[in-house]
Each structure stands twice: as structure tokens, then as C-alpha cells.
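In: Let me see the structure of the following:
(chains A and B)
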Amino acid sequence: MHIDSIVDGVVIDHIPAGGAMELYRYLGLDKLQCQVALIKNASSRKMKRKDIIKISGNIDINLDILGYINPGITINYIQDSKLIHKFQPTLPKRITGVIRCKNPRCITTIERDVPHVFKLTDARNAVYRCIYCETRAKREPF
Amino acid sequence: MKSLIDILDLSTKEIDELMACAEDIISNPDKYADKCRRRKLASLFFEPSTRTRLSFEAAMIELGGSVLGFSEAQSSSAAKGESVADTARTVSAFADILVIRHPLEGAPLVAAMNVPIPVINAGDGGHNHPTQTLADLLTIQAEKGRMNHMTIGLCGDLKFGRTVHSLLQAMSRYDGIEFILISPDELKVPEHVKTDILEAGTCSYTETSNLMEVMPELDVLYMTRVQRERFISEADYVRLKDTYILTPDKLKAAKSDLTIMHPLPRVNEIPTIIDSDPRACYFKQVRYGKYIRMALILKLLEVD
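Out: Coordinates of the predicted model:
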């Protein structure tokens, strides 16, 4: 199978096999107008099988959330067909609008306009808590 | 503009300054009688409260300020479905400082994020009640003369009691604090409180179900209610309910300068016969609550 290399854009690599679709939804890539390629079950020396997402064009999406979802992912920024920046995401200090608070007594479950915001309270154990009620975020398995 | 939503919004230095200010108010009330003249405090109580609401209102009045607001959600626009943010925005047009109690956790934070004036959390569901904690801290400071190197026993419902968790959080930041957690197995301090607060700080703690056994060690005894509705089995409640009643007999083993505290209301865990014991400080605690709220209002309004 052949997928063109991208000239300008982002390649999200080392996504655990089977995880690309979920990541696609988390990042809201369905809302983008540019070309997006999802590659499932690509061979990987390190992971045996992995998923890859290639996004073509200068996009403006917040990739911080990737650190919460899976810090093992690699993000590659491509410009003029050259790799200009490659990094693994770190845990974001705050996550907005991605995780829902499950506490029925939390203001966010009653008042729909209040954004769901979680903050990193324990970086060593990747613990996030709701800023309103301090309920611990349940990490959804990727 | 600074607000008080969680006790950890304040550093120990800020808490010490507030307590020093409260002690000065106690000594020189006249000096503060006019400090908040022409200032208005809005008390937005979306659920009933006697002690906290009246304490805030008395605090503002004693500072020479005025009070407006409502004491139940039914008499506010919340009954028409108005959001907390909108109610807070509207009231902030009429007042200099907001005090909010709400049954939903996080409501005061939402208010604080939407108004340009300071907000004080006066209790959000079972979550935070930082001014109760400030009242507890001032009681300890005023009665013991220090905030460090002491043994504090917390007794009763340590699982659901928000005042207990906040007090653990606040006191664990001071040096040489030893907590003795006295409760039945069913009402022990939750694991997350142990890992996040007790094991993260420099304090030490032990757990026991026997109040009598540890009584001689205590400098402070913080009593709480054991509530029937917390038990799945009625038999367990009946078995345990009298275990944590403080009797004159039990107090015989206590230090002569023990400070007995309770966030109130009490039911039967402290019989009225204890009230005349000089070590009983729970009604003083209510008074200290007013003074620390006065100090807090001054601080948040940046009044010198």
C-alpha cells in the first residue's frame, strides 16, 4: 500500500495498533478540511504493529492531549518535506473538553455550559482531577 | 482578584496572617468597626445554613459594611433555571464581595471564574468548606498558642466528613503534627485522603477504633457526628453509635489542657454535661469563625 509523503503537516506515529480511530475522534480531525490518512497495523520494529496518522497542511489543533492519551506517541512536524521537529508529548497541565467528570454532584453534570476541565495533580502517576470537584479522571483504555 | 474556594488557595503564611488579624480584631474590635463602610457583601445561599450564613453576615456588619442576598434557592432566580454563572454576574453588579453556598460541588469556583469581585466558598456540597477550616485553625491557634508540634485526635465519621479532610489538609502543612484517627472501620479516612494528604506531607498518623486508649495523648480532640444514614446495617449503627460519645468518665484520662472541638451541629456525641468543662471549645469555635471571616473579608477586599 502506498501513501504519499506529506510536504507540510504532522505525522503522529507510534500509536498503539487499533488506536488511530479513537485518536482521530479525540483530536476532532473529522472537522478538518485537509487530507488526513489513517494507517492501521503498520509494521513496527519496536511495537510489531502500530497505527499512524498523517495530516497534510498547516493545521491548528491542540496536540497536548496526546500526552494524556498515550505519552509513547511520537509527533513529527514536516515542512518542505523535511522533518523540522520530532518529540514525544508530555502530560498537559490542563485538559479542557476531552474528559467528562463522572461525579453526579459536580456542577458540570447539571450546568451544561460549564466546560469540563481537568488538571494534572500528580505527574508521577498521571493523575488528573476535575477542577470543580476534584474527582479523579478515569483514564479510558486506549 | 483573589477568591477563597479551597483552603489550599491560602499558603500557611497567608493563614498565619489571617489568624493574626483575627486575634487583633478580638483584642481591638473598635479599630475595625468602620473598615468596610459603604462596602456590600452578597450572601448567595442556594441551600439552607444557619451558622455559616449568620456568621458571614455578622462579620460584615461588625466591619461596618452591609449585607444583601438570599438564604435559599427558591427565593433566587435559580428557581427559574438561571445558571450559577449568570446569578453571580448579576449580583456582582450590586456587591463588592460574594459569599456562596451551593449543593453542587464546584459552584463557587464557577462563580469566581465569572465575576470581577472576590468570591468566598461557604460550602459546596460535600466538597469544600474552607472558612470552617479557618475557624478550626484559629481555634487551635488561639487555644493552644501554636500551630505545630501537637497531637490531634479526629473522632467519629472520618470517611464522609468534609471538615475532617480539610483540617487534615491544612494542619498537615505545619511541623510536628501527629494525627490520631479514631473511627469504626466503616468510617475510616478514605485511602485517597491518606495517600494525597497524610502520606504526602511531613505529618505522621495512626488509626484506631478506641478513643479511650489514645485519650491521654491528645492535645486537640476534634469530634464529629456518626450519622445513622452512613451505615448499611442498622445493627452496625446500634453497635457503634455510643462508642464515640464523649463522657466525663472518658475525659478523666485526658490532658488538663485538651481542646475539645466540634464543627457543629452535634447530636449526642457530646452530651451537654461536657459544655461546662473548661476544655470544651466548640462554642468558642463558632465565635472564632466570625472573627476569621472578618479577617478574610478584609484581606479579600484589600482593606488595610
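In: Could you pull up the residues touching the residue in the stretch 51-200 of chain B that chain A sits nearest to?
Out: Going by CB to the nearest CB, chain A is nearest to residue B:106 of the stretch 51-200 of chain B, at 2.4 Å. No exception for glycine: its C-beta is placed from N, CA and C like everyone else's. Neighbour list for residue B:106: A:106, A:107, A:108, A:114, A:130, A:131, A:132, A:133, B:124, B:127 [criterion: CB atoms under 8 Å, 6 or more residues apart in numbering or on different chains].
In: top of these by neighbour count?
Out: For the contacts of residue B:106, the largest number of neighbours (other CB atoms under 10 Å in any protein chain shown) sits with residue B:124, at 31 neighbours.
In: My guess is it contacts residue B:111. True?
Out: No. Taking contacts as CB atoms under 8 Å, residue B:124 lies outside contact range of residue B:111: 9.9 Å.
In: what about the helices in chain A?
Out: Assigned by DSSP state H, chain A shows helices spanning A:20-26, A:65-69, A:107-110.
In: Of those helices, which is nearest chain B?
Out: Across these, chain B has its closest neighbour in helix A:107-110 (4.1 Å, CB to the nearest CB).
In: what separates the closest one from the chain centre, distance-wise?
Out: For helix A:107-110, the distance from its own C-alpha centre to the chain's C-alpha centre is 25 Å (CA atoms, centre = their mean, to the nearest Å).
In: Only the C-alpha atoms, please, for that helix, written as PDB.
Out: Taking Å, rounded to 0.1, in the frame of the first residue of the first chain, the C-alpha atoms of helix A:107-110 are listed here in PDB:
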ATOM      1  CA  ILE A 107     -21.600  21.400  38.700                       C
ATOM      2  CA  THR A 108     -20.600  20.200  35.300                       C
ATOM      3  CA  THR A 109     -23.100  17.400  35.200                       C
ATOM      4  CA  ILE A 110     -26.000  19.800  35.900                       C
END
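In: And that helix, what does it pack against?
Out: Here helix A:107-110 touches helix B:107-114, going by 3 or more CB pairs under 8 Å, 6 or more residues apart in numbering or on different chains; DSSP states H and E.
In: what sits against the one residue in chain A that gets nearest to chain B?
Out: Per CB to the nearest CB, residue A:132 is where chain A lies closest to chain B, at 2.4 Å. Counting by CB under 8 Å, 6+ apart, residue A:132 touches A:101, A:106, A:107, A:108, A:114, A:117, B:105, B:106, B:107, B:109, B:110.
In: same check, this time on residue A:51
Out: Shown in contact with residue A:51 (CB under 8 Å, 6+ apart): A:15, A:16, A:17, A:18, A:19, A:20, A:23, A:38, A:39, A:40, A:41, A:42.
In: burial measure for the second one, as a count.
Out: When you say that, I think you mean residue A:16. 18.
In: so it makes contact with residue A:70?
Out: Yes. At 6.5 Å, residue A:16 and residue A:70 qualify as touching, with contact defined as CB under 8 Å.
In: And for residue A:27, nearest residue in space, chain neighbours not counted?
Out: residue A:61 (5.6 Å; CB to CB, 6 or more residues apart in numbering or on different chains).
In: backbone phi and psi for that neighbour, please?
Out: With angles defined as degrees, to the nearest 10, residue A:61 sits at phi -130, psi 150.
In: Identify all contacting residues around the worst-scoring helix or strand of chain A on mean pLDDT.
Out: Across the helices and strands of chain A, mean pLDDT, DSSP states H and E gives its lowest value to helix A:65-69, namely a mean of 83. With contact meaning CB under 8 Å, 6+ apart, helix A:65-69 is reached by A:12, A:23, A:26-27, A:73, A:75, A:89-92, A:95, A:98, A:126, A:128, A:142.
In: Same question for stretch B:68-82.
Out: Applying CB under 8 Å, 6+ apart, the external contacts of stretch B:68-82 come out as B:40-49, B:53, B:84, B:86-87, B:90-91, B:94-95, B:99.
In: and what of stretch B:87-101?
Out: B:39-47, B:49, B:52-53, B:56, B:65, B:68-69, B:76-78, B:84, B:107-108, B:110-111, B:114-124, B:297, B:300-301.
In: Next, the distance between the ends of that stretch.
Out: One end of stretch B:87-101 to the other measures 13 Å (CA to CA, to the nearest Å).
In: What average pLDDT does that stretch get?
Out: Mean pLDDT, stretch B:87-101: 97.
In: What is the neighbour count of residue B:190?
Out: 13.
In: Count the residues that sit near the closest residue to it other than its chain neighbours.
Out: The shortest distance from residue B:190 to any non-neighbouring residue, by CB to CB, 6+ apart, is to residue B:159 (6.0 Å). Number of residues near residue B:159 (other CB under 10 Å) recorded here: 17.
In: Model confidence at the residue nearest to residue A:54 when sequence neighbours are not counted, what's the number?
Out: Distances taken as CB to CB, 6+ apart put residue A:37 closest to residue A:54, at 4.3 Å, once the chain neighbours are dropped. What the model reports as pLDDT for residue A:37 is 93.
In: list the contacts for residue A:37?
Out: So residue A:37 contacts A:3, A:52, A:53, A:54, A:56 (CB under 8 Å, 6+ apart).
In: Good, wrapping up.
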